[in-house]
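**Student:** Give me a 3D structure for the following:
(3 chains)
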Amino acid sequence: MSWTDERIETLKTMWEAGQTASQIAEALGGVSRNAVIGKAHRLGLQARPSPVKPNEPEVKEQPVAAAPPEPAPPPPPAPAEPAPVREVVREAAPEPVRETAPAPEPVRDPQPVLRSVGPGGFVRQSPGEQQPPSTPAPPRRLVPAKPNADMAGKTTLLDLNDRICKWPLGHPGEPDFHFCGQKVNPGFPYCVQHCGHAYQAQLPRRDRRPPPPLPFGGPRVR
DNA sequence: CCCTGATTCGC
DNA sequence: GCGAATCAGG
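**Tutor:** I've put the predicted structure just below:
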């Protein structure tokens, strides 16, 4: 697989939309998660929350052993780039002693990757502030806290549950963005109709239509 | 273990 | 340029 313009465009869109590298790789097909990350970096799209803390550039204490006999400090106009030399020093595990630490919280909500949206687009949540998608929506009448004519009768993010088709209509951030809301095809996240869009038999390349359906609406033309 | 992104480096 | 291997944190 090569990085065609379409695939690069999809990569950019999904990456900026906050999709994980794994999801992007799966959507693209034929590439690994690493390939996606590598390509994203080569494209210059880094800057996004990494689970790994970029260790604060430690002020390396320069052991001023002997007074430098060189009174001439002529550093060329070099930008202050703290040479990120990674030490490959492996420490041997010293303590065979184990402390019995109770492993808490196996709570992992397998909820789909629907992140909250805002007028500007996606808003990434930190795990601490994630909330389950409300209660399984008892069949009672919902009164919008903020009566909005546009959203009347629309299925919003908060209306989603296991039984509701999560097929997005419109684009996140747009005023009338909502979800299909039909009863799902049991075992799938979408209704029967949208399952037809989401799951398609692989066709021979020559009579396959170019636009591959992306679950979140696909790349947007800017 | 699983996941995540970042980085390196041989190709 | 590409991406597997590796690293490092959650």
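
**Student:** mind showing which ranges of chain A have poor pLDDT?
**Tutor:** Where chain A drops to pLDDT under 70, the residues are A:47-48, A:50-153, A:157-160, A:172-176, A:197, A:199-222.

**Student:** Show me chain A divided up by domain.
**Tutor:** A:5-43, A:149-198 (the TED database).

**Student:** okay, these in a markdown table with distance to residue A:49 and mean neighbour count next?
**Tutor:** In this view, the C-beta of every residue, glycine as well, is placed from N, C-alpha and C. Shown next, in a markdown table, are the domains of chain A (distance: least, C-beta to C-beta, whole Å; neighbours: other C-beta atoms under 10 Å):
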| stretch | distance to residue A:49 | mean neighbour count |
| --- | --- | --- |
| domain A:5-43 | 9 | 17 |
| domain A:149-198 | 18 | 15 |
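
**Student:** is it possible to export those to CSV including distance to DNA strand B?
**Tutor:** What follows is the domains of chain A, written out as CSV (distance: least, C-beta to the nearest atom of the strand, whole Å):
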stretch, distance to DNA strand B
domain A:5-43, 3
domain A:149-198, 17
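
**Student:** DNA strand C is nearest to which of those domains?
**Tutor:** Comparing the domains of chain A against DNA strand C with C-beta to the nearest atom of the strand, the closest turns out to be domain A:5-43 (3.1 Å).

**Student:** First-to-last residue distance for the closest one?
**Tutor:** Counting by C-alpha to C-alpha, to the nearest Å, the length from the leading to the trailing residue of domain A:5-43 is 12 Å.

**Student:** Spell out whether that domain and DNA strand C are in contact.
**Tutor:** Yes: if you take C-beta under 7 Å from any atom of the strand as the test, domain A:5-43 does meet DNA strand C, through A:31-32, A:34-35, A:37-39, A:42.

**Student:** Show the subsequent helix or strand relative to the strand or helix carrying residue A:9.
**Tutor:** Here residue A:9 sits within helix A:5-16, counting by DSSP states H and E. Sequence-wise, the next helix or strand downstream of helix A:5-16 (DSSP H and E) is helix A:21-28.

**Student:** and the angle for that following helix with helix A:5-16?
**Tutor:** 150 degrees (axes from the mean of the first three to the mean of the last three C-alpha atoms, to 10 degrees).

**Student:** Tell me the helices and strands packed up against helix A:21-28.
**Tutor:** helix A:5-16, helix A:33-42 (3 or more C-beta pairs under 8 Å, 6 or more residues apart in numbering; DSSP states H and E).

**Student:** ok and the first one relative to helix A:33-42, angle-wise?
**Tutor:** If I follow you right, that is helix A:5-16. 90 degrees.

**Student:** Give the other helices and strands that helix A:5-16 contacts.
**Tutor:** Applying 3+ C-beta pairs under 8 Å, 6+ apart, we find helix A:5-16 packed against helix A:21-28, helix A:33-42.

**Student:** repeat for the shortest one
**Tutor:** Counting contacts by 3+ C-beta pairs under 8 Å, 6+ apart, helix A:33-42 packs against helix A:5-16, helix A:21-28.

**Student:** Angles on the backbone of residue A:185, please.
**Tutor:** phi -70, psi 120 (degrees, to the nearest 10).
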